[in-house]
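Student: Please find the sequence and the predicted model below.
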Amino acid sequence: MRVFLFLFLLFPIIELTLLIQVGSAIGALPTVLLVIGTAIAGGILLRVAGLATAWRAREKLARGELPEQEMLEGLLIAVGGGLLLLPGFISDIFGALCLIPFIRRLLVNKIRLRAAEQAMRQRAFADDLAARSGQARPGASQPNVLEGEYKRHD
């Protein structure tokens with residue numbers, strides 16, 4: 001968590017430094033126009049890619065399927081469009097990567113794998129806790145336990 005906070009605080013400084021470097025290399029007006037142009041292009045790409053993803057999700061829903069792939073792609077499109085709308089070149093690079101279809105699909109598959117692994121870890125942890133407390137989850141097989149009393153004769 002501290003690393004995330006550190007990167008969150010460091011990111012604007014890096015963006016500003018890069019904007020100053022590019023501005024000094026190509027001039028202030030071309031830099032401002034480039035930032036505005038990427039924001040406009042991001043808005044257009046966000047709208048086009050978002051509509052295409054929404055149509056694919058709608059088609060899947062019409063077939064009675066759950067559109068989890070399209071929902072995650074829609075999330076990445078929204079993140080990518082938001083990053084393109086931010087002023088700066090590093091955020092534009094990451095935003096453009098989120099909007100490129102094959103990279104977006106790779107990221108979605110990676111997210112799905114991590115979510116499945118996390119669900120398996122949580123399920124294993126819940127099963128372990130249930131076994132320790134003597135409770136069983138609904139749908140889980142009951143252990144073979146014989147209850148009884150005993151007396152010790154010495």
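Tutor: It's in.

Student: Distance of C98 relative to I77?
Tutor: Noted for C98: a distance of 7 Å to I77, by Cβ to Cβ, to the nearest Å. Any C-beta I mention is one placed from the backbone N, CA and C, and that applies to glycine too.

Student: Next, show the common contact partners of those two.
Tutor: Residues touching both C98 and I77 by Cβ atoms under 8 Å, 6 or more residues apart in numbering: R104.

Student: if you average pLDDT over the helix or strand A57 falls within, what comes out?
Tutor: In the assignment (DSSP states H and E), A57 maps to helix 28-62. Mean per-residue pLDDT for helix 28-62: 85.

Student: What are the buried residues along it?
Tutor: 31, 34-35, 38-39, 42, 45-46, 49-50, 53, 57, 60 (16 or more other Cβ atoms under 10 Å).

Student: orientation of the helix or strand following it relative to helix 28-62 in degrees?
Tutor: As assigned by DSSP H and E, the chain's next helix or strand after helix 28-62 is helix 68-85. Using axes from the mean of the first three to the mean of the last three Cα atoms, to 10 degrees, the inter-axis angle of helix 68-85 relative to helix 28-62 is 170 degrees.

Student: mind listing what's buried in helix 68-85?
Tutor: 69-70, 72-77, 79-81, 83-85.
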